[in-house]
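S.K.: Turn this into a structure:
(2 chains, ligands or ions: 6)
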Amino acid sequence: MSDVELDTGAVQLRASHLSRDFTTRVPGRFLRAKRVTHAVEDVSLDLVAGRVLAVVGESGSGKSVLARMLARIVTPTSGELELRGTPIAPKAKRDLAYAAMVQLVLQDPFASINPVHQIRHSLERPLLIHGAERARVGELARSVLERVSLDPSDRFLDRYPHELSGGQLQRVSIARALCVKPQVLLADEPISMLDVSVRLGILNLLKGLCDDENLAVLYITHDIASARYLADETIVMYAGQVVERSVGTALVDEPTHPYTQLLIASVPDPSDPTSIAPRAATAGVMDSSVVGCRFAPRCPHASARCLAESPPVFEIGPGHHSRCWLQEGNRVATPVLTTRRGKGGPTTT
Amino acid sequence: MSATIPREHEPTAVVDVAASAVATGVTRNEPVLEIEGFSVDYGVGASMVRAVDDVTLRLDRSRVLGIAGESGSGKSTLVYAMTRLLRAPGVISGGRALLHTTDDDGVVTPVNLVEATESQLRKVRWSHVSIVLQSALSALNPVLRIGREFDEVLKTHRKEMTRAQRRARAVELLRLVGLTEDRLDRYPHELSGGQRQRVMIAVALALDPELVIMDEPTTALDVVTQREIISELATLRARFGFAMIFITHDLSLLVELADEIAVMYAGSIVERAGARELYEAPRHPYTLGLLHSFPPLHGERRELTGIPGSPPDLADPPTGCRFAPRCTFVMARCLSERPTLRELGDEGRSVACWLFDPASESRVPVELSLAPSARQTVGEP
Ligand SMILES: Nc1ncnc2c1ncn2[C@@H]1O[C@H](COP(=O)(O)OP(=O)(O)OP(=O)(O)O)[C@@H](O)[C@H]1O
Ligand SMILES: Nc1ncnc2c1ncn2[C@@H]1O[C@H](COP(=O)(O)OP(=O)(O)OP(=O)(O)O)[C@@H](O)[C@H]1O
Ligand code: SF4
Ligand code: SF4
Ligand SMILES: [Mg+2]
Ligand SMILES: [Mg+2]
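M.R.: Numbers count the residues shown, from 1 in each chain, chains lettered A, B, ... in the order given. Ligands and ions are numbered 1, 2, ... in the order given. Below you'll find the model as predicted:
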């Protein structure tokens, strides 16, 4: 099936060439010795109404910095944001209107919900800040709890965070994000701290919000299987860069980048009894000062060229891109990658 | 205590991973650990929580037992209590934990850890049983260099060793887990999470124990590092023949790594079976739900349901089967009577669920009565 449909959903939030550097002092050297970490480098993406975009990558690959730039909590070093077609002035302060449109849900619900107040407070406060009538906030809070399947909502409103399970509390933090009727939901590892048995419930909730309420969802995870489950498009990040991306499940089903391949091979897979066999060599250090391919120190296919020259992004199929010299011979992709939708898992040829 | 595993444990049709791996010279079907009717409480009186409830388990030499279950099911409490590392307000309220220790002459002495004195415990810890704690990433003393961690253990238990010998042994152990000698002079914060976890595993192996307990050793690590550590553990076990208890909430990881799996729910074991049998033919509704909680890497994308509801509050557990409020197969009886872990005919496995009670009227649903596929080959290297 190669009829990959062109994007028809509305682009709610567009990021073009977003980068963020951090300058840190190198310990134990001259006082002025500094190191620049390219935490995120040249990432472009579209968050589209009714679609889930997943970002997968290991710890430190820049996923959270990316999400925080999209939420405008972290200022990009360079790059542009466009909210529903309107460019955002790069240095402008984040205003309430932006916050109302783009909401961020964090990994640890226990840390993100104020423990000393009842759930009611955590939901009503943002409603009041965003100008809801005081007489209506109770009703709004109840309805938002019902949307995240916390029923009966009255019972939850009067509880304290410690009286809820992790899964319930994560639903509360999603509810809090939904209070202000955002168009875009940025979920930074929303399930990794939760019990295994309740994770799917949260994933299905995100999927439902996307399908039924036309929300644009960014789903950040280090679990590539859950990305495959949920996402309409998936991005794999390594050391701040997008190394592979695809619509549908192509990226997991036919990974082309050696890092994506390593990631997939590492996932426990009981259906493959041989998968315990040792894999790639010991992880190398990820050093963003390298000139060539950032994955080269760990890559089993690295050549001299990989060490000297950074690979461009190659288009290897409809909506499928890979940043690896092995793909040379395919078309070099145009810089801004537009989101497309693959219905029912497109296959590349 | 109705959930006793027979003393003469028949070797089941379970895939034999360790046959080639026994380096200790003892036969595999000898137990290294037998836990019987083991219970642990936190607190007393009205606020008492029974975190581990009547657990019976047996682990044979050189085998890997996986314990799976979600947060709060009592996995850590079980192994902390069993090794007597439990702190107040936790108390062992019943049962015993027999560790069959082998001395240098091959003489086996059972030690009931529950009743052991502090000095007996000191002799047993590290030399016969070692444990890698769940919080291992923070378990290393931040102000001590890595080398000191090895030094402490070796100094206490191998008094005859000189400083140079201890250093040599530490280097050897680090190599086993793929780290270089220079790490010995580093501080914990100078190592990555994966490297620190490797250090903890190396320390656990320092005195060549018969049983190594790992409480979620890879949960905080990324999947690539986890894979590396898991394959290292498999290699080390094949080489040294220690038995292992491996705790995790990731059932799919256990299916790969363990010979046998015990699934815990709300303080009790609800199912125990060979790893592949459990994966291919789960018997308990909770096990089935857990297996359906991991989106697969292959195949059609279809909606998975996970398990509805959330784990029970142990301070106020449901009467009857503790899984009943979340169970799709719940029957009237489940709400009032609590099922115990029972052997399932001659299948060499056990389950705590009324569906499998011979006296039960209801038929076992088809999802829970699959035959394990006839897999006889050894999958692992
Ligand atoms: N405020 C900061 N100052 C300096 N460096 C930072 C800062 N925030 C992030 N970084 C660096 O940026 C890189 C990316 O971090 P980020 O938190 O985005 O990773 P991540 O992919 O979210 O990882 P995880 O899976 O662990 O959450 C890391 O190397 C991190 O050390
Ligand atoms: N110090 C304590 N006081 C009271 N209750 C406790 C204490 N420590 C643990 N518990 C309770 O005992 C139960 C079992 O906890 P335990 O840490 O053994 O679970 P676990 O299966 O290891 O979970 P996880 O996967 O989160 O590590 C939980 O319900 C917990 O709330
Ligand atoms: S460009 Fe070279 S080093 Fe980088 S991933 Fe491709 S083959 Fe490996
Ligand atoms: S005993 Fe009843 S409620 Fe419990 S798991 Fe079995 S069928 Fe479900
Ligand atoms: Mg992060
Ligand atoms: Mg634990």
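
S.K.: mind listing the helices in the stretch 51-200 of chain A by residue range?
M.R.: Per DSSP state H, counting those that start in this stretch, the stretch 51-200 of chain A has helices spanning A:63-70, A:96-101, A:109-112, A:119-129, A:137-147, A:153-157, A:166-179, A:196-213. These are given in chain order.

S.K.: Now the weakest link among those helices, please, by mean pLDDT.
M.R.: Mean pLDDT is lowest for helix A:109-112 out of the helices of the stretch 51-200 of chain A, coming in at a mean of 83.

S.K.: hang on, B:R276 packs against B:P372?
M.R.: Yes - look at B:R276 against B:P372 with CB atoms under 8 Å: they come within range, at 6.5 Å. From N, CA and C alone the C-beta is placed, and that goes for glycine too.

S.K.: When those two are compared, which one has more neighbours?
M.R.: More crowded of B:R276 and B:P372, by other CB atoms under 10 Å in any protein chain shown: B:R276, with 22 against 18.

S.K.: Relative to ligand 1, how far out is the residue lying closest to A:R84 once chain neighbours are set aside?
M.R.: Once flanking residues are discounted, A:R84 sits nearest to A:Q12: 5.9 Å by CB to CB, 6 or more residues apart in numbering or on different chains. Between A:Q12 and ligand 1 the computed distance is 22 Å (CB to the nearest ligand atom, to the nearest Å).

S.K.: try A:C179
M.R.: According to CB to the nearest ligand atom, A:C179 and ligand 1 sit 25 Å apart.

S.K.: What number of residues are in the vicinity of that residue?
M.R.: A:C179 has 26 neighbours, counted by other CB under 10 Å.

S.K.: got it, and B:A81?
M.R.: By other CB under 10 Å, the residues close to B:A81 number 27.

S.K.: Quickly find the element holding it.
M.R.: If you go by DSSP states H and E, B:A81 is part of helix B:75-82.

S.K.: From the contact counts, what lies against that helix?
M.R.: strand B:31-42, strand B:49-60, strand B:64-68, strand B:90-102, strand B:211-215, strand B:243-248 (3 or more CB pairs under 8 Å, 6 or more residues apart in numbering or on different chains; DSSP states H and E).

S.K.: 7 Å instead?
M.R.: In this structure, helix B:75-82 makes packing contacts with strand B:31-42, strand B:49-60, strand B:90-102, strand B:211-215, strand B:243-248, judged by 3 or more CB pairs under 7 Å, 6 or more residues apart in numbering or on different chains; DSSP states H and E.

S.K.: Output the ones you listed in a markdown table, with mean neighbour count, distance to B:L254 and mean pLDDT appended to each entry.
M.R.: A markdown table is the format used below for these (neighbours: other CB atoms under 10 Å in any protein chain shown; distance: least, CB to CB, whole Å; pLDDT from 0 to 100):
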| stretch | mean neighbour count | distance to B:L254 | mean pLDDT |
| --- | --- | --- | --- |
| strand B:31-42 | 21 | 18 | 96 |
| strand B:49-60 | 22 | 14 | 94 |
| strand B:90-102 | 19 | 21 | 94 |
| strand B:211-215 | 24 | 11 | 94 |
| strand B:243-248 | 24 | 6 | 95 |
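
S.K.: Redo those strands as TSV? Include distance to B:F323.
M.R.: Output for these, formatted as TSV (distance: least, CB to CB, whole Å):
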stretch	distance to B:F323
strand B:31-42	19
strand B:49-60	13
strand B:90-102	22
strand B:211-215	23
strand B:243-248	20
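
S.K.: For B:D151, which non-adjacent residue is spatially closest?
M.R.: Computed as CB to CB, 6+ apart, the closest residue to B:D151 that is not its neighbour in sequence is B:R166, at 5.7 Å.

S.K.: Tell me who's in contact with the one you found.
M.R.: By CB atoms under 7 Å, 6 or more residues apart in numbering or on different chains, B:R166 lies in contact with B:F150, B:D151, B:L154, B:K155.

S.K.: and it, which of the three is it?
M.R.: Recorded secondary structure, B:R166: helix (DSSP: H, G, I helix; E, B strand; the rest coil).

S.K.: The residue nearest to A:R84 looks like it's in a strand, true?
M.R.: Yes - the assignment for A:Q12 is a strand, going by three-state DSSP.

S.K.: pretty sure it contacts A:L47?
M.R.: Yes - with contact defined as CB atoms under 7 Å, A:Q12 counts as touching A:L47 (5.3 Å).

S.K.: Now do the helices in chain B.
M.R.: Secondary structure of chain B, counting by DSSP state H: helices at B:75-82, B:118-124, B:136-139, B:146-157, B:163-176, B:193-204, B:223-240, B:251-257, B:275-280, B:285-291.

S.K.: Looking at these, which is nearest to ligand 6?
M.R.: Among the helices of chain B, the nearest to ligand 6 by CB to the ion is helix B:75-82 (3.0 Å).

S.K.: What are the buried residues along the closest one?
M.R.: By 16 or more other CB atoms under 10 Å in any protein chain shown, the buried positions in helix B:75-82 come out as B:K75, B:S76, B:T77, B:L78, B:V79, B:Y80, B:A81, B:M82.

S.K.: so the first one touches B:Y265, yeah?
M.R.: Right, B:K75. No - between B:K75 and B:Y265 there is no contact under CB under 7 Å: 10.6 Å.

S.K.: Now do the shared contacts for those two.
M.R.: Common contact partners of B:K75 and B:Y265 (CB under 7 Å, 6+ apart): B:G69.

S.K.: what's the nearest residue to residue 167 if we skip its chain neighbours?
M.R.: This is for chain A. Among residues not flanking A:G167 along the chain, A:V198 sits closest, at 3.3 Å (CB to CB, 6+ apart).

S.K.: actually chain B
M.R.: Nearest one to B:R167, counting by CB to CB, 6+ apart, is B:G147 at 7.0 Å.
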